[in-house]
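Asker: Build the 3D model from these lines:
(chains A and B)
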Amino acid sequence: MNEPQKKPRLKWLAVFWADLKASTDPALLGVARFLGLLYGPIDRTVSIDQAARKALGRRLPAFVGWRHALGGITYMLFIVLVVTGVLLSFYYRPSVQEAYPSIQYVVSEVPLGWLVRDLHVWSANLIVIAIMAHMARVFFAGTYKPPRETNWLAGLLLLLVVLAFGGTGYLLPWDQWAYWTTTEVLDTISRAPVLGVFASVLQGDAVVSGATLSRFFAWHVIILPWIAFALLLLHFSLLRKHGIAPPPGETREAGDGVPFFPNHLLKAFIVGVLVLAVAISLAALFPRPVGDPADPFTLPSALVSSWIVVDVSLALIRYLGVWGFWLFTLLGMSMALLPLFDRRPERRLRRRPIVLALGTLFFFGFLVAWLAGRQLRSLPPSTQLRPGEMIERFVPEQESAEAPQNEPDAEAEGGEEEQP
Amino acid sequence: MRVGKWILASGIILAAVMAGAPALAQQRDFTIDPDYSCVACHTEKRRAFLLGTHSERGIRCHDCHGGVPQAFEQATAHAGADYIGTPGKLETVRLCASCHSDPDQMRRYGLPVGQLAEYRTSRHGHLLLEGGDLNAPTCTDCHDAHTILPPNDARSNVYPTNIAATCEDCHEDAALMGGYGLDTGQIETHRASAHGVALYVENNFAAPTCVSCHGSHAALPPAVSQIADVCGQCHVQVRRAFYSGAHGDAALAGTIPGCTACHSNHGTERVAPDQIAATCTECHEADSPAALIGVEIAEQVTRATQDLHSSEEAIHELIRAGRRVADVKLRHQTALTVYLQISQAQHSLDLEVLEDLSRQVGSIATDIRAAEEVAAEHRWEHGLTLIPVWFLALSAIVLAWFKLRALRKEEL
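Answerer: From the prediction side, this is the model:
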C-alpha cells in the first residue's frame, strides 16, 4: 500500500525540478541572470570555479589510508569547537558577576544549550587525543624529517595554541573547580624563571580575579583564533606543497591513487560523522557538571577536572612536584627541536632507538599522567594546612642561642616566680 | 588680604600641631630616666612593665613597691616607711584594690570597680581572704605582675583564647587540685567540646570560655538550679522551651542538674537524633510514658534531619546540572530555620509543636526534591536525543560506504 503513495510524491519532486530547469519564467530567469552577473566577473578574475575543480579533482597517492584521517579528525573537531564556541558566545558574558549565571542560563534555559556547551567541552578533550594520536603517527613514522620539518614545527605550534585555547577556556565557567585549578596551574607556571613573568601578566592581579577572566576571554576568543587560522593556513599549505609523506620503502608515484572527490571525501565524511556522533554521545551522557560559583575566599571540597590537559598537569604537579611538571614540559619541547638534529633520511623505527625511547617516554608518560590525574579529586596539600601546621612548616625556628635575649616576656614571667 | 591669609593658615597649622601634641606626649617613652634608680638594677622588670597598660598611665615602680627611687644605693632605695618590695598575695589584693576599687580613679578609664567585691564572693577569694590559703590565686596570678594587659589585648592572659591556659596552670595540676577534692581534665574536655571547637578552631569569639559560665573574679561553679540559666544566657530559645516543659520544673526544684543532665558540663556533648531515646532511658524506665515521648521526639528529629539532608543533596544535584538555585536555596534556608526551632522545641517535650515543625521541614524538602527530579528527567531526555543522532549518523555512514564501494568497483 505504501509504494503507490510514495511514487507520486517523488514524481512530483522530479516534475518540479524538470519544470524549474525548463522554465522560461522571466522572473526566475532574471534572478538566475542577476546571480550570474554577480558571479561571472568574480570567477573570471579569481577563477574560483577552476580552482575548486582542480582541488577536488586531484588524485591522492595510493598509500593514503585510514591512518591519515587523524589530522582530518583534529581539523573537524577544531571546526566543531569554532561553531559551538561562536554559539556559546551569544550567551556567555565574561565578567565576575555574569559569567557563572550565563553558563547556568545556557545549560538550563537555552534550547539545546546544554548540547552546544557539552559538545564544546568534549570536543576540547577529543581534540587533544586526536592531536596526540596524529603527532605520535607523524613522530614514529619519521615524517617530520626534511623537507617536512617546518610543518612539524607548525603542528607543534598548533598544539601549543590548542593548549592555550583549553587553558584560557577552562577558567571561563567561573565555578570553583575552574577558579582553583587555574590558581594552582598559574601558581606552578609563575615559579618558572621566564614564564613566571608571563603568568603574572596573564593573571593581571595578585590573585585570579575579574582581570584574569577578561584576559583569558580575550585570548580565548580574539587572539588565539587568529593565530590558529594563520598556523592552520601554513600547516595546510605546506602539506599541499610537500604532499603526504610516503611510508618507508614506498615506491609508487604520488598521483596514481584515488581521486580526492568523491572517494577520499567520502572516507573523511564517514570518519567525521562517526567522531561527531561519538562527541554528541559523550556530551549527552557525561555532561560537565557545574560547580559552585567561584569564591576566592572558600576552598572547594574537591577539584573535578574536565580537561585532559588539566588531568595531566595536576598529576605531574602533585606526584612529581613543580620540577616534575617542568621536566615533562621540557621533554615535550625537546621533541620540537628534534628535526634540527635528526636529519638523516632513515625512517625505519628500528634504526632510531633514541627517537623511539623519547617518543615512548612522552606519549606513554602523557597517558599515565592522564590516568593518574583522573584519580585526583583533591586540593593541593598546601591549601589544607591548618594555621599551626603552616607556622611549623613555613616559619623557620629561632636560633636557641639568641632566643633569651630577644624575648622580654620570658623575663617578665621570671619576675612572677619571685612571689611567695 | 594676603597677610590675613598667611596668618589664618599659620593659625590652622599651629592649632593642628597643638591638637596633636597631647597624642605625641601620650606615646610611650622607652628611654631610660637617668634620675629613676629602680631601673638601674631591675632592667628586666622595666622591660616587662613597659609592655603593660599601667606604664601608659604614668604609673611607676614606687607607686606599688614604695621605696626611694631617687637614691642610687640599694640600701637607701629600698628604705622608707612605704617600701614593701615584692608584695605577698594578700598585699597584692590590697595594692590592686587601692586603685581598682576607687570609683574616682577608675571613672576616667571607664573601668568597673566591683572586682574586689566579686573576688570576695568567689571560691578563690574565700580561700585567700578568709582561709589565708596561699595556693589560691591572687590578682597577679591571672593578670601577670608587670605586663598587665586589658582583656581585649591578644597578648593578655585573660584574652578569650588564652584564658583556658591561664586557668589550666592550677586546674590541670592534679596534686594541687587533689587537696581541694577537685578533678582535673575539664579544660581538655572544654577544648574538644562544641564550645572549644567554635572558639579555637572556628575563631568564634562568641563561644564561651571558662569565665563565661563560672564568672571571672567571682569564679564559682553554678549551682544545680542555676545551670539552665547559665546556659540560657546564650541559648535563649532553648532555655524558654526547657522551662515550659516538665524538665524545667524538675531543674528549678533541683531534682535534675539542668542542661548538664543530658549534655554534660564541660564536654557539652550533642545528643545525636539516634541517641535521644537512649539518653531518656538513663533516667526513665524503658517503655514508661516518659521514655515513649523520647522515642517520639527522636523519630520527629530524625525525620526532619533526613529531610534536610535530602534537600541539601537535591540542591547539590541541581547546581551540578546548572540549574539556578537561588529560590530553592531560600526555601532551604526556611527549612533550616524551622529545623533550628525543632532543636529548640524538643526541650519543651511538646510533641504537637514538634510534629508541626517537622512536617514543615518535610514539605519544603519534598518541593526541593521534586525540582531535582524534574532536572533528572531532563537529563534522561538528553540521552534520548542520541537515538535520532545515531540513526542519522549510521544511515549516513552506511550510504557513504555503499557509494565508496561502488566507486571502487568503477575504478577497477
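Asker: since we're on residue B:80, how many residues are nearby?
Answerer: Applying other C-beta atoms under 10 Å in any protein chain shown, we find 14 residues neighbouring residue B:80. Bear in mind the C-beta positions are built from the backbone N, C-alpha and C, glycine included.
Asker: Just list the residues touching the residue nearest to it when sequence neighbours are not counted, thanks.
Answerer: Leaving aside its sequence neighbours, residue B:80 sits nearest to residue B:68 (C-beta to C-beta, 6 or more residues apart in numbering or on different chains; 5.2 Å). Going by C-beta atoms under 8 Å, 6 or more residues apart in numbering or on different chains, residue B:68 touches B:37, B:62, B:76-77, B:79-80, B:83.
Asker: Among those residues, which one has the most neighbours?
Answerer: residue B:37 (21 neighbours).
Asker: nearest spatial neighbour of that one, skipping sequence neighbours?
Answerer: Residue nearest to residue B:37 in three dimensions, not counting chain neighbours: residue B:72, with 4.8 Å by C-beta to C-beta, 6+ apart.
Asker: looking at it, the one you found is touching residue B:40, isn't it?
Answerer: Yes - counting by C-beta atoms under 8 Å, residue B:72 does reach residue B:40; the two are 6.7 Å apart.
Asker: how many other residues sit next to residue A:335?
Answerer: Neighbours of residue A:335 under the rule other C-beta under 10 Å: 18.
Asker: meant to ask about residue B:9
Answerer: 10.
Asker: measure it to chain A for me?
Answerer: 41 Å (C-beta to the nearest C-beta, to the nearest Å).
Asker: Can you point out the helix or strand that includes that residue?
Answerer: Element membership for residue B:9, per DSSP states H and E: helix B:2-26.
Asker: Okay, buried residues for the following helix or strand past that helix please.
Answerer: For helix B:2-26, the succeeding helix or strand toward the C-terminus, using DSSP H and E, is helix B:38-41. Applying a neighbour-count criterion of 16 or more other C-beta atoms under 10 Å in any protein chain shown, one finds B:38-39 buried in helix B:38-41.
Asker: how close does residue A:276 get to residue A:66?
Answerer: The gap separating residue A:276 from residue A:66 is 17 Å, by C-beta to C-beta, to the nearest Å.
Asker: Which one of these two is surrounded by more residues?
Answerer: Using other C-beta under 10 Å as the criterion, residue A:276 and residue A:66 rank with residue A:276 on top: 19 against 9.
Asker: For stretch B:262-279, list the C-alpha coordinates in PDB.
Answerer: Below are the C-alpha coordinates for stretch B:262-279, written out as PDB (Å, rounded to 0.1, in the frame of the first residue of the first chain):
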ATOM      1  CA  CYS B 262      21.800  15.200  79.100                       C
ATOM      2  CA  HIS B 263      24.700  17.300  77.700                       C
ATOM      3  CA  SER B 264      27.300  17.100  80.500                       C
ATOM      4  CA  ASN B 265      29.100  20.200  81.700                       C
ATOM      5  CA  HIS B 266      32.500  20.900  80.100                       C
ATOM      6  CA  GLY B 267      32.100  18.500  77.200                       C
ATOM      7  CA  THR B 268      28.600  19.900  76.200                       C
ATOM      8  CA  GLU B 269      28.000  16.700  74.300                       C
ATOM      9  CA  ARG B 270      25.500  17.000  71.500                       C
ATOM     10  CA  VAL B 271      22.800  14.300  71.700                       C
ATOM     11  CA  ALA B 272      22.500  13.000  68.100                       C
ATOM     12  CA  PRO B 273      19.000  12.200  66.900                       C
ATOM     13  CA  ASP B 274      19.600   8.400  67.100                       C
ATOM     14  CA  GLN B 275      20.800   8.800  70.700                       C
ATOM     15  CA  ILE B 276      17.800  10.700  72.100                       C
ATOM     16  CA  ALA B 277      15.700   7.700  73.100                       C
ATOM     17  CA  ALA B 278      18.700   6.000  74.800                       C
ATOM     18  CA  THR B 279      19.500   9.200  76.700                       C
END
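Asker: tell me the mean pLDDT for it?
Answerer: Averaged across stretch B:262-279, pLDDT comes to 90.
Asker: Distance from the chain centre to it, please.
Answerer: 20 Å (C-alpha atoms, centre = their mean, to the nearest Å).
Asker: And that stretch, what's buried?
Answerer: In stretch B:262-279, counting by 16+ other C-beta under 10 Å, buried: B:262-263, B:265-269, B:273, B:276-277, B:279.
Asker: of all those, which two lie farthest apart?
Answerer: Maximum pairwise distance in these, criterion C-beta to C-beta, is 24.9 Å, between B:266 and B:277.
Asker: how far does stretch A:334-349 stretch from start to finish?
Answerer: End-to-end span of stretch A:334-349 (C-alpha to C-alpha, to the nearest Å): 19 Å.
Asker: circling back: mind checking what secondary structure the residue nearest to residue B:80 has?
Answerer: The three-state label given to residue B:68 by DSSP: H, G, I helix; E, B strand; the rest coil is coil.
Asker: for the one 4 residues further on, same thing?
Answerer: Judged by three-state DSSP, the three-state class of residue B:72 is coil.
Asker: Relative to residue B:78, how far out is it?
Answerer: 12 Å.
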